[in-house]
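**Q** coords below, sequence missing:
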């Protein structure tokens, strides 16, 4: 058996997390400006509550693995996408902002493909967000994502990955059996592959993901 590249989910070190309250929107914007183009720490703002998170090594490994899975499926099934990573999504009108672990435009890729800077006042939210929540957030991230209208969230809590789909009324999420952003990808697939990641070196795991993704394209699991 190959040496594990990512530790068992139950042993992933916790993130460093600080929560500040009674923070003004202007202060939040100044903090964003001061750390522009920095990947960490990540800031989440919800009506005066600011959460500052410095992700652990295990957190980032799981994030990059799931993000690479999205890319691999899209490439192997001829689906265009835009990977915008952990870019800042912020709206003064609702006094909320977040920086996801990863985010993608898939269905709406054409609408933002020529945008040098995505602006949520005119552009849609990302079609898919990856949220690593091994150490639970002090904020209700799903409620925050729903307020922005994010259609789908892959939420990794360490013991499992859940596909969360935005309700038709936009007021929260329901857990789904399969992805809407990448039809043919199921929650069972994601959890099986994440379990394999814990006991497989990353290169070998990536080759397994690529082989699996090719079967989706061959069977028409994802429509270009």
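**A** Sure, I can see it. Keep in mind that this is a model prediction, so the values were computed, not measured.
**Q** Run through the residues that contact the residue nearest the centre of the chain.
**A** Geometric centre of the chain, nearest residue: residue 130, 1.4 Å, by CA atoms, centre = their mean. Applying CB atoms under 8 Å, 6 or more residues apart in numbering, we find residue 130 in contact with 63, 66, 67, 70, 100, 101, 102, 103, 153, 154, 156. For every residue, glycine as well, the C-beta is placed using N, CA and C.
**Q** My guess is residue 194 contacts residue 162. True?
**A** No. Look at residue 194 against residue 162 with CB atoms under 8 Å: they stay out of range, at 11.4 Å.
**Q** Please identify which of the two sits among more neighbours.
**A** Neighbours per residue, other CB atoms under 10 Å: of residue 194 and residue 162, the larger number sits with residue 194, 21 against 18.
**Q** so the residue nearest to the centre of the chain sits in a helix?
**A** No. For residue 130, which was evaluated using DSSP: H, G, I helix; E, B strand; the rest coil, the result is strand, with no helix membership.
**Q** ok, what's across the strand from it?
**A** residue 102, residue 154 (DSSP bridges).
**Q** for the closest residue to residue 86 other than its chain neighbours, what are its contacts?
**A** Of all residues beyond its chain neighbours, the one nearest residue 86 is residue 99 (4.8 Å), with distances taken as CB to CB, 6 or more residues apart in numbering. If a contact means CB under 8 Å, 6+ apart, then residue 99 has 42, 43, 44, 86, 87, 88, 89 as its contacts.
**Q** same check, this time on residue 105
**A** For residue 105, the set of contacting residues under the criterion of CB under 8 Å, 6+ apart consists of 81, 82, 84, 111, 112, 113, 124, 126, 127.
**Q** of those, buried ones?
**A** Neighbour counting by 16 or more other CB atoms under 10 Å classes 81, 82, 84, 112, 124, 126, 127 among the contacts of residue 105 as buried.
**Q** which two in the residues you listed are spaced the farthest apart?
**A** Of all pairs drawn from those, the one with the largest separation by CB to CB is 81 and 124; the distance is 13.9 Å.
**Q** quick revisit: could the contacts of residue 105 be laid out in JSON lines, adding pLDDT and secondary structure?
**A** Rendered in JSON lines, the data for these read as follows (pLDDT from 0 to 100; DSSP: H, G, I helix; E, B strand; the rest coil):
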{"residue": "81", "pLDDT": "97", "secondary structure": "coil"}
{"residue": "82", "pLDDT": "98", "secondary structure": "strand"}
{"residue": "84", "pLDDT": "97", "secondary structure": "coil"}
{"residue": "111", "pLDDT": "97", "secondary structure": "helix"}
{"residue": "112", "pLDDT": "97", "secondary structure": "helix"}
{"residue": "113", "pLDDT": "95", "secondary structure": "coil"}
{"residue": "124", "pLDDT": "97", "secondary structure": "coil"}
{"residue": "126", "pLDDT": "98", "secondary structure": "coil"}
{"residue": "127", "pLDDT": "98", "secondary structure": "coil"}
